[in-house]
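Enquirer: model this:
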Amino acid sequence: MIAAIGLDSFDTAFAGCTTHFASIILHQALREGYEPVDYPWLIRLNPAVPWKTRGNGAVALLLHVDSRSDAERLAQLVRKASRLYATAPEGKAAYVILVLEDAERLEDYMEHRPRCLERLYLRAVHESVPLRLAEKCLRETATLTAGYGGAGSRGLVGSLAALGAVLSDYTFELLAYRRLKNWAKPRRIDEESVIEYDLKTRPYTFMNYDYEEGRVLIAPHGYDPVLYGVRGERPDILLKALDTIEAGEEPSHWTIFRSNQATGAHLRRKPVARVRPYDNPVVEGRIEDVKRLPGGHVLARICDETGCIDTAFYRETGRLRRIVLRLPSGSLVEAGGQAKPHRGRLTLNAEYLCVRETPPVEAGCRAAEYKLLGCYTPPLSSYHHLMPPPGRAPGERRLEPPRTPVASPRINL
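Expert: Below you'll find the predicted structure:
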């Protein structure tokens, strides 16, 4: 029997973090004898929506339970902890606990979980999802529900979507957390140790350091409990960070998550006419117009046979701006990113650009000026969680049970 716990929106503008709360629940459950079915799941959702949480991530915990009453005790643990942890005045935090009596292994869970969870995830990672769809799914799973909290909050969408995550491709992240007394203090992570870890572990890890911008990428900057997070393909290699990276303070604890990060799960190919606000589309078409905007930004109009869409290349995208400014009108391109309303019309905020074809070079022009075919990405510092880093090709991966510890043996908050 498996108890599946979905969690979302346990962060506030000032403190807290859903993964931190999940890690505390996991450590308490392990201490009370519950066994993990899998690594915790860290599921990043639609990066385009304006109501996303700070990290835009929900978490699922899958644990073995012996009986329904065992699952209800686990639900009581989550309920009590959520009341202590969720301090946001708007009450946006949500959790859902489902019990699958016919499931013992990870494969069983993926096969027997309600299909509405998968449908909700596939929409929540790509487009705007109305709360009523999550509430409908919650009603459909009522007979399996051992407890839930956050009715009426948007966190319900994330908590259910995390339980329905489709992990045909996945990566891992080891998150090390800070002791409460250090939350308000600046982080003192040694830059050279991060570079050393990056050079020793690539290509099995990624997004550790931006050599173009000279920036450490593993640490957040705000007042929150995360000390650092390292991402990659293998948990055993992520564990080496604990010995290599000089963090400047002792972590309170750590947890390894399986994740949809760096998989490109948010992007779907669409004709321009079908793009809706807060979608994450990939469009292909020809450039009709390019113009510079104040602040160093560039706006290109991309048209296919169904319509046109303004595509923004912001200053932070670096080389993407320079490439699009060199493209002649009529160039065939592909761009992916976030579609957002702006002054009454949709704008695609590009996160990458591929040049498929350029018009024939006119007499008198330098041929080298138009040798621009290929795909271009921004500096690593501009990436969001779901973007595949350079060199990582998303593809099918088989789900395997944990072969390393899922969390540190002790926790010292």
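Enquirer: Residue 131 is in contact with residue 158, isn't it?
Expert: No: at 11.0 Å, residue 131 does not count as touching residue 158 under the criterion of CB atoms under 8 Å. For glycine as for every other residue, the C-beta is placed from the backbone atoms N, C-alpha and C.
Enquirer: And the helices in the stretch 1-150 of the chain?
Expert: Remark: helices assigned in the stretch 1-150 of the chain by DSSP state H, counting those that start in this stretch are 18-31, 68-85, 106-112, 115-124, 131-140.
Enquirer: Select, out of those helices, the one closest to residue 196.
Expert: Between residue 196 and the helices of the stretch 1-150 of the chain, the tightest spacing by CB to CB is seen for helix 18-31, at 25.5 Å.
Enquirer: tell me the mean pLDDT over that closest one?
Expert: Mean per-residue pLDDT for helix 18-31: 96.
Enquirer: which other helices and strands contact that helix?
Expert: For helix 18-31, the packing partners by 3 or more CB pairs under 8 Å, 6 or more residues apart in numbering; DSSP states H and E come out as strand 2-8, strand 57-64, helix 68-85, strand 171-177, strand 253-259.
Enquirer: Now do the buried residues in it.
Expert: 18-30 (16 or more other CB atoms under 10 Å).
Enquirer: With stretch 96-104 instead?
Expert: Residues of stretch 96-104 classed as buried by neighbour count (16+ other CB under 10 Å): 96, 97, 98, 99, 100, 103.
Enquirer: Of those residues, which belong to strands?
Expert: With strands taken from DSSP state E, the overlap with the buried residues of stretch 96-104 comprises 96, 97, 98, 99, 100.
Enquirer: For the second one, list the residues it contacts.
Expert: Yep, that's residue 97 we're talking about. Applying CB atoms under 8 Å, 6 or more residues apart in numbering to residue 97 gives the contacts 3, 4, 5, 6, 71, 74, 75, 78, 145, 146, 147, 148.
Enquirer: Could you dump the residues you listed into TSV with pLDDT added?
Expert: Shown next, in TSV, are the contacts of residue 97 (pLDDT from 0 to 100):
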residue	pLDDT
3	96
4	96
5	97
6	97
71	91
74	93
75	92
78	93
145	91
146	90
147	87
148	88
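Enquirer: Please produce a ChimeraX select command covering the buried subset of these.
Expert: What follows is the ChimeraX syntax for the buried subset of the contacts of residue 97, where burial is set by 16+ other CB under 10 Å:
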select :3,4,5,6,71,74,75,78,146,147,148
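Enquirer: quick one on the thing from earlier: of the buried residues of helix 18-31, just say which sits nearest to residue 382.
Expert: Of all the buried residues of helix 18-31, residue 19 has the smallest distance to residue 382: 22.4 Å, by CB to CB.
Enquirer: any idea how far the closest one is from residue 388?
Expert: 21 Å (CB to CB, to the nearest Å).
Enquirer: Equivalent analysis for residue 110, please.
Expert: Going from residue 110 to residue 388 by CB to CB gives 23 Å.
Enquirer: Ok, residue 340 next?
Expert: Distance from residue 340 to residue 388, by CB to CB: 21 Å.
Enquirer: For these two, work out which one has more neighbours and name it.
Expert: A direct count of neighbours by other CB atoms under 10 Å for residue 340 and residue 388 places residue 388 higher, at 20 against 16.
Enquirer: quick one on the thing from earlier: out of the ones in strands among the buried residues of stretch 96-104, which comes closest to residue 355?
Expert: Comparing these against residue 355 with CB to CB places residue 96 closest, at 44.6 Å.
Enquirer: got a list of what the closest one touches?
Expert: By CB under 8 Å, 6+ apart, the contact list for residue 96 reads 5, 6, 138, 141, 145, 147, 148, 156, 159, 160, 163.
Enquirer: can you check residue 302 too?
Expert: Listed by CB under 8 Å, 6+ apart, the contact set of residue 302 reads 272, 283, 285, 286, 287, 288, 308, 309, 311, 333, 335, 348.
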